[in-house]
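A.B. asks: need coordinates for the below:
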Amino acid sequence: MTSPDGRAVVDQLARAAVALFYPHVEAVLHDTEHDRIIAIWNPQSGREVGEASLLDAALLGRLEPGQVLGPYEQVGRDGRSYSAVSMPLRGTSWLLCLNFDRTTLLDAGAVLAAFAAPSMHAPEALFARDWRAEINQTVRDWCLGRNRPREQLNRAERIDLLAELDGRGLFDTRNAAEHAAGALAISRASVYSLLRQARQARQARQEQGPPNTASPSKPKGSRRGRTT
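C.D. replies: I've put the predicted structure just below:
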């Protein structure tokens, strides 16, 4: 690969990648043996040919031949965000890096996210009695807070979520179980079963009392009843 033909192949591949994603991709070829940048296509990072690569040859030597690293995150001197991949080229001391500038995509995403975004909380005059809206909001917030899609919740997570809804008194309302079942994409029978387990767990905790206290048991009758 270190032959002139090998270098021509690398040049052709780099120019193709840059052309396909122009102007968002920079390609950089490093000589790890001499720790120098030996070529740059569509330069964006402010580096120049001949500069030190600042690579650790010992660490690079541990990589598997042909291994591709990334995509990993890089931040430019001007604060731009890049996704990068790097690959040691077989039979050479060269390392080819492709740096994709994601700044435009991130800016576009921010614009879309801000489009028609709400500027205030739901008015109390409209939603104070809307238990359906509160179930919807609670389910969404609970899942977002744990970075878990609602359709992928396991049994223990569903029990925790139903316990949260139950703690807010949302199952005091008729048809709440059916609405929660729709929000979680499970059957109403499953909601009743999981809710029963959530209440049993809560009762067991109450009977056990707080840890490290002189009076582990709470007075009987402290459990708050619910109607489903």
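A.B. asks: buried sites along the helix or strand where Ala84 lies?
C.D. replies: Assigning secondary structure by DSSP states H and E places Ala84 in strand 81-88. Judged by neighbour count using 16 or more other CB atoms under 10 Å, the buried positions of strand 81-88 are 81-84, 86-88. Placement of C-beta: from N, CA and C, glycine included.
A.B. asks: what's the answer for stretch 171-179, then?
C.D. replies: Quick answer for stretch 171-179 (16+ other CB under 10 Å): 171, 173, 176-177, 179.
A.B. asks: ok, now stretch 12-19?
C.D. replies: Judged by neighbour count (16+ other CB under 10 Å), stretch 12-19 contains these buried residues: 14, 17-18.
A.B. asks: and the buried residues of strand 81-88, which is closest to Arg132?
C.D. replies: Ser81 (39.7 Å; CB to CB).
A.B. asks: can you tell me the closest non-neighbouring residue to that closest one?
C.D. replies: Closest residue to Ser81 apart from its sequence neighbours, by CB to CB, 6 or more residues apart in numbering: Arg102 at 5.0 Å.
A.B. asks: let me see the contact set for the one you found.
C.D. replies: If a contact means CB atoms under 8 Å, 6 or more residues apart in numbering, then Arg102 has 24, 81-83 as its contacts.
A.B. asks: which pair in the residues you listed spans the largest distance?
C.D. replies: His24 and Ser81 (11.3 Å).
A.B. asks: what sits in contact with each of those two?
C.D. replies: Shared contacts of His24 and Ser81 (CB under 8 Å, 6+ apart): 101-102.
A.B. asks: which of the contacts of Arg102 sits closest to Ala125?
C.D. replies: Ranked by distance to Ala125 (CB to CB), the contacts of Arg102 are led by Ser81 at 42.5 Å.
A.B. asks: I'd say that closest one and Thr104 touch.
C.D. replies: No: assessed by CB atoms under 8 Å, Ser81 is found out of contact with Thr104, at 9.9 Å.
A.B. asks: quick one, strands of the protein?
C.D. replies: In the chain, strands defined by DSSP state E lie at 25-31, 36-41, 69-75, 81-88, 94-101, listed in chain order.
A.B. asks: now the last one: buried residues?
C.D. replies: With burial defined by 16+ other CB under 10 Å, the residues of strand 94-101 counted as buried are 94-101.
A.B. asks: and the shortest one, by the same measure?
C.D. replies: Of the residues in strand 36-41, those buried by neighbour count under the rule 16+ other CB under 10 Å are 37, 39-41.
A.B. asks: could you list the buried residues of the helix ranked longest in the chain?
C.D. replies: The longest helix of the chain (DSSP state H) is helix 188-208. Residues 190-191, 193-195, 197-199, 202, 206 are the ones in helix 188-208 that count as buried (16+ other CB under 10 Å).
A.B. asks: hmm, which of these is lowest in pLDDT?
C.D. replies: Lowest-confidence member of these: Gln206, scoring 87 (pLDDT).
A.B. asks: and that one, how far is that from Phe171?
C.D. replies: Distance, Gln206 to Phe171, by CB to CB, to the nearest Å: 18 Å.
A.B. asks: Arg196 versus the most centrally placed residue in the chain, what's the distance?
C.D. replies: Residue closest to the average C-alpha location in the chain (CA atoms, centre = their mean): Asn147, at 7.2 Å. Shown here: Asn147 relative to Arg196, a distance of 28 Å by CB to CB.
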